[in-house]
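S.K.: Quick check, what structure comes out for this input:
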Amino acid sequence: MASVSFKENKMRRNTFALGLIVVLMSVAAVAQMGPPVPGPELKKLDYFPGTWSLDATIGSGPWGGGGKFTATDRAEWMKGGFFFDYPWRVLAAARNGRFRYLALGQEL
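M.R.: As a prediction, this is how the structure comes out:
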């Protein structure tokens, strides 16, 4: 079994210490960064959060016979303020259902 010289051992310790310092400094730098903040251009979308209702009549066409149409939805910002959660419910003569859309706020 070959013995490790004092110089080689010292070099290994120094390399390990340098690597540890780099890792610790990287962790400290990331810890100081805050969460991302939405840009001011997303404020243009503040009109849309809230409850919306729609009553209409759809004419007949290739998709069906038409009839009365009502919809209710509530849009709200998701945590972080980058996206909308936009579930809505539709009651129509031909089709009743619930739908959920995720509106991407960055798609301006």
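S.K.: quick one: low-confidence ranges for the chain?
M.R.: For the chain, the stretches with pLDDT under 70 are 1-4, 63-64, 88-108.
S.K.: Try it again at 50.
M.R.: Along the chain, the model assigns pLDDT under 50 to residues 103-108.
S.K.: Could I get the full set of strands for it?
M.R.: Counting by DSSP state E, the chain has strands at residues 50-58, 67-77, 83-92, 96-104.
S.K.: And the longest one, how far out from the chain middle?
M.R.: So the one you mean is strand 67-77. Counting by Cα atoms, centre = their mean, to the nearest Å, strand 67-77 is centred 23 Å from the centre of its parent chain.
S.K.: tell me the angle of it relative to strand 50-58?
M.R.: Going by axes from the mean of the first three to the mean of the last three Cα atoms, to 10 degrees, strand 67-77 is angled at 160 degrees with respect to strand 50-58.
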